[in-house]
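Enquirer: Output the structure for:
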Amino acid sequence: MKRGKASGIDDLPVEHLLYSHQALLVVISKLFKLIFDCSYVPGRFKQSYIVPIPKIRDCRTKAMTYDDFRGIAISPVISKVFEHCLLDYFQISLNSGDNQFVLKRDLGAVTPYKLFVMLLTSISKQVTLLTSVR
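Expert: The predicted model follows:
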């Protein structure tokens, strides 16, 4: 996890976990195993707060509306660590097809963009062919 990010509702920054004693890792791993075995996620793991981030760069000179913001959810660090553990554990079962665009490791949003550009190029070539035939 990246350092320097905002802490969640619990006010626990990621640096506390990174620089903590190794005994805390044992306690956290036992907590995660208990959560997994009991099939119960604590309510605090599901809580977050939303911070509005301006979409536009020119936010000081323009009157802003609610459409000019996007929200990011700030979750507790412990729940993020738990999510990462679950994703690592279930990664094999959570594969998606090549045609399904989700955030994939080492791909990001480049693949849908490339597909969109290829589609537009193909359509423009077909339109050019159709207009030259007439």
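
Enquirer: Show me where the chain has its strands.
Expert: Assigned by DSSP state E, the chain shows strands spanning 49-54, 69-74.

Enquirer: what is the mean pLDDT for the last one?
Expert: Averaged across strand 69-74, the pLDDT comes to 88.

Enquirer: one step back: could you dump the strands of the chain to a markdown table with distance to Val27 and mean neighbour count?
Expert: Quick note: C-beta positions are derived from backbone N, CA and C, even for glycine. Converted to a markdown table, the strands of the chain look like this (distance: least, C-beta to C-beta, whole Å; neighbours: other C-beta atoms under 10 Å):
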| stretch | distance to Val27 | mean neighbour count |
| --- | --- | --- |
| strand 49-54 | 26 | 12 |
| strand 69-74 | 24 | 12 |
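
Enquirer: Ok, which of those strands comes nearest Lys33?
Expert: Closest approach to Lys33 among the strands of the chain is made by strand 69-74 (26.1 Å; C-beta to C-beta).

Enquirer: roughly how far out does the closest one sit from the chain middle?
Expert: On the basis of C-alpha atoms, centre = their mean, to the nearest Å, strand 69-74 sits 11 Å off its chain's mean C-alpha point.
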